[in-house]
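Enquirer: One predicted model, sequence on top.
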Amino acid sequence: MKQLEEIKGLGPKTRVALEKLGIKTSDDLLYYYPFRYEILKKSNLEKLKQDDKVVVDGNVESIPSVFHINGRLDKMNFRFMSGGKLLQVVIFNRAFLKSKIPIGTTITVIGKYDYKHNMIVANDIHLGALPNTEKIEPVYHSYGGVGGKQIRSYLFQLFSEGIDVVDYIPEGLSLKYQFMDKTRSLKQIHFPTNKNSLKAALLRAKYEELFLFMLKMNYLKREKQHTNGLKRDISFAFVEKFIKSLPFSLTDDQMICAKAIYQDLNDSKRMNRLVQGDVGSGKTIVSFIAMYMNYLSGYQSALMVPTEILAHQHYKKLTEIFEPYYIRIAVLTGKTKIREKREIYEGLKNGTISIVVGTHALISEAVEYQNLGLVITDEQHRFGVNQRSNLRNKGITPDILYMSATPIPRTYALTIYGDMDVSNIHTMPSGRLPVITSLKKNSEIRDVLESMYQELKNGHQVYVIAPLIEESEKIDLENVTLLEEKMKKAFGKFYQIGVLHGKMSSKEKEEVMKNFEQNEVQILISTTVVEVGVDVPNATMMVIFDSERFGLSALHQLRGRVGRSNLQSYCVLISDFEKERLSILTETTDGFKISEEDFKLRGSGDLFGVRQSGDMQFQIADIKKDFSILVKAKEDSEAYILSGKIEENSILRAYVQGTKVLS
């Protein structure tokens, strides 16, 4: 394995850009897979219609002109001769190519054909002519000017010098499925020669990734079955008294879930339970009940959440619920002041703090617990296996409770979370009204603004959601800044508008959310940073721009930020595309049904389309599209563990124990 500085021609600026993409070594580069592939085959201009995709080669006939738009974007155009036909070419954000394509240069242009204006609106330009045969072009995510061509040039160098990779698939399984050699597989993924070879290479890479995932899960399951839990003797009478003291009644599903956790905690075996429930179904209070049970046993509880906003929100609710019990509670994040951190560290170490809620700061080396008995991770799919293990290992044998508001079908849950017991919360708390969801086109924005005005006039608040937009994407998409300007024009004279996005500091985010919670801000323009856990009961409307850019489950998560009281709430999806897919959200508010539909819609797909990553964030596999491979990997991993061969395989044994062997 090489460090980036050892790769020829790779300078400091490029190294910084690659590191932003998560590439720090030659191994990272080898496993930085394309996110899609393009099939490049010469088009016949005479047979093309308006807006057809076009791939043609020819010669540059004029000096390219560059125009700058809004100071951030650029537009380049030039004349282009292909097959005796003179066309105009327009391309955005490729001004750096101007010096490389003087008059007479042979190039290949890929884009959309505008028959009416005799023009190609290009999305890419390649130097040189295309071969007469079909060519498969990998497409990589880029950053800071480092694109696919540069990435492939460094990869070409690595393959030319020879690579040394670790093959994790046991020899017997490689022979059984007649898998392609791993080195050849990696080369095909980055430099495909034909469709069949690429499919074989992708199958091998996906199987290896899923086999390792399931091997680790099944190994953990076996370890769990041999792990004794903490000794407890909790009286359910005290638990019932606590539940009755709550300012609301539990739903049937919440009570069933609480009783299952009670049985787990009193059992001699270690608890390892996943609670998945729809947005707003009341998983949080179930976790609070679990922490109270743990407190009755004399143990400490740690609740790890993915964002600082959510950590402070849970802390506030915990202090309210547990105020009569004089339980000391702390909140710990990366932004906690040093003096406060020291006090919290001391309180956790000497046992005077019984409950701590925080972000990944809970697993830092400085944190020591006196008697950690319960570990809860909220939105558990957002934490990696190693992060969860680090927190789990802070205790001797603490019980584990995972929470997720991204429900998945039971068949998938039992496979992916094979080492856990799974509880589902379907019923919603009483008094909640289903969120009325509608689908609008951009041309209907006036109607949307009128609906917003009605809610604001009634004293309610509104979320406006914009996806994160990179500079290289289409310029007509709404970004946060543009939305802020538009909302100020429409409502700025009458209502306060706040902005929330990932680049803001923790303090800035907290200030904006505090103002929104206290109704000092009536319209909150935000990216998906509000997706998890933000709870403002007075917010009754959410407007999501460019909603086609989100998965159904992500949209449902966002929609869950409204409808959190007995007030009728609304969600408006704005999009000119994918009406059939988005209409599912207008028909149901059941997250489990939406999840099923999401799996169906995204479960099949063209190999050469955009790869849709699941929540697990695999590098190349997709649990939705590749579920059949996952099932096979699960079966093979179980059989491999039962055979005892894993004890003879030092590489795989090290992997399941948390040490990945690198090349």
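Expert: Cool, the structure landed. Numbers count the residues shown, from 1 in each chain.
Enquirer: give the contact list for the nearest residue in space to Ser65 that is not next to it in sequence.
Expert: Nearest residue to Ser65, sequence neighbours excluded (CB to CB, 6 or more residues apart in numbering): Asn77, at 5.7 Å. All C-beta atoms are positioned from the backbone trio N, CA, C, and that covers glycine. Applying CB atoms under 8 Å, 6 or more residues apart in numbering, we find Asn77 in contact with 64-65, 88-91.
Enquirer: so Asn77 is in which element?
Expert: strand 73-82 (DSSP states H and E).
Enquirer: Quick check: can you name the pairing partners of that strand and their directions?
Expert: Note on strand 73-82: by DSSP bridges, its sheet partners are strand 53-60 (antiparallel), strand 65-69 (antiparallel), strand 85-92 (antiparallel).
Enquirer: buried sites along that strand?
Expert: Using 16 or more other CB atoms under 10 Å as the test for burial, strand 73-82 gives 74-78, 80, 82.
Enquirer: How about stretch 424-438?
Expert: For stretch 424-438, using 16+ other CB under 10 Å, the buried residues are 424-425, 427-429, 432, 435, 437-438.
Enquirer: what's the closest of those to Leu158?
Expert: Nearest to Leu158 among the buried residues of stretch 424-438: Asn424, at 46.5 Å, using CB to CB.
Enquirer: For that closest one, grab phi and psi.
Expert: phi -120, psi 140 (degrees, to the nearest 10).
Enquirer: Name whatever forms a beta bridge with Leu375.
Expert: No, residue 375 isn't Leu; it's Val. Beta bridges link Val375 to Ala302, Ile400, judged by DSSP bridges.
Enquirer: hang on, I meant Leu439
Expert: Beta-bridge pairing for Leu439 (DSSP bridges): Leu573.
Enquirer: Hmm, Gln276 is touching Ser423, no?
Expert: Yes: with contacts counted by CB atoms under 8 Å, Gln276 reaches Ser423, the gap being 7.5 Å.
Enquirer: So those two - more neighbours on which side?
Expert: Gln276 (26 against 22; other CB atoms under 10 Å).
Enquirer: So the more buried one belongs to a strand, correct?
Expert: Yes: counting by DSSP: H, G, I helix; E, B strand; the rest coil, Gln276 falls inside a strand.
Enquirer: quick one, what contacts it?
Expert: Counting by CB under 8 Å, 6+ apart, Gln276 touches 283, 403-408, 413, 422-425.
Enquirer: can we see that at 7 Å?
Expert: Residues in contact with Gln276 (CB atoms under 7 Å, 6 or more residues apart in numbering) are 404, 407, 413, 422, 424.
Enquirer: Lys634: which of the residues you listed is nearest?
Expert: Of all the contacts of Gln276, Ala413 has the smallest distance to Lys634: 12.7 Å, by CB to CB.
Enquirer: what pLDDT does that closest one get?
Expert: We have a pLDDT of 69 for Ala413.
Enquirer: same thing with Gln557?
Expert: As predicted, Gln557 sits at a pLDDT of 83.
Enquirer: For Thr527, state which of the buried residues of strand 73-82 is nearest.
Expert: Nearest to Thr527, judged by CB to CB, of the buried residues of strand 73-82 is Asp74 at 24.8 Å.
Enquirer: Quick check: the residue nearest to Arg328 when sequence neighbours are not counted vs Glu635, distance?
Expert: Once flanking residues are discounted, Arg328 sits nearest to Ile353: 5.1 Å by CB to CB, 6+ apart. To Glu635, Ile353 is 45 Å away according to CB to CB, to the nearest Å.
Enquirer: Those two: which is more packed in?
Expert: Neighbours were counted for Ile353 and for Glu635 using other CB under 10 Å; Ile353 has more, 23 against 11.
Enquirer: Quickly find the element holding Lys624.
Expert: Judged by DSSP H and E, Lys624 forms part of no helix or strand.
Enquirer: Got the confidence number for it?
Expert: At Lys624, the predicted lDDT confidence score is 73.
Enquirer: That one: how many residues sit nearby?
Expert: Using other CB under 10 Å, Lys624 has 22 other residues around it.
Enquirer: hey, where'd the strands end up in the stretch 301-450 of the chain?
Expert: Here the stretch 301-450 of the chain has its strands, by DSSP state E, counting those that start in this stretch, at 329-332, 355-358, 372-377, 399-404, 421-425, 436-440.
Enquirer: Save these as TSV, and put in mean pLDDT and distance to Gln313 too.
Expert: Shown next, in TSV, are these (pLDDT from 0 to 100; distance: least, CB to CB, whole Å):
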stretch	mean pLDDT	distance to Gln313
strand 329-332	96	10
strand 355-358	95	9
strand 372-377	92	15
strand 399-404	88	14
strand 421-425	86	19
strand 436-440	96	25
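Enquirer: For Glu137, find the nearest of those.
Expert: strand 436-440 (34.7 Å).
Enquirer: Name the helix or strand of the chain that has the lowest mean pLDDT.
Expert: Lowest by mean pLDDT, DSSP states H and E among the helices and strands of the chain is helix 385-392, with a mean of 52.
Enquirer: now the stretch 51-200 of the chain, which segments are flagged as low pLDDT?
Expert: Scanning the stretch 51-200 of the chain for pLDDT under 70 picks out 71-72.
Enquirer: Kindly report the same for the stretch 401-550 of the chain.
Expert: Scanning the stretch 401-550 of the chain for pLDDT under 70 picks out 409-419, 468-478, 502, 528-534.
Enquirer: same thing but at 90, please
Expert: By pLDDT under 90, the low-scoring segments of the stretch 401-550 of the chain are 402-434, 466-484, 499-514, 517, 526-535, 546, 548-550.
Enquirer: Also the stretch 201-350 of the chain?
Expert: Short version for the stretch 201-350 of the chain, where the test is pLDDT under 90: 213-214, 216-233, 247-248, 267-274, 276-282, 305-313, 333-336.
Enquirer: where exactly do the helices run in it?
Expert: With helices called from DSSP state H, counting those that start in this stretch, the stretch 201-350 of the chain shows them at 236-245, 252-266, 283-296, 308-321, 338-350.
Enquirer: Pick the most deeply packed of the ones you listed.
Expert: Highest mean neighbour count among those (mean count of other CB atoms under 10 Å): helix 283-296, with a mean of 23.
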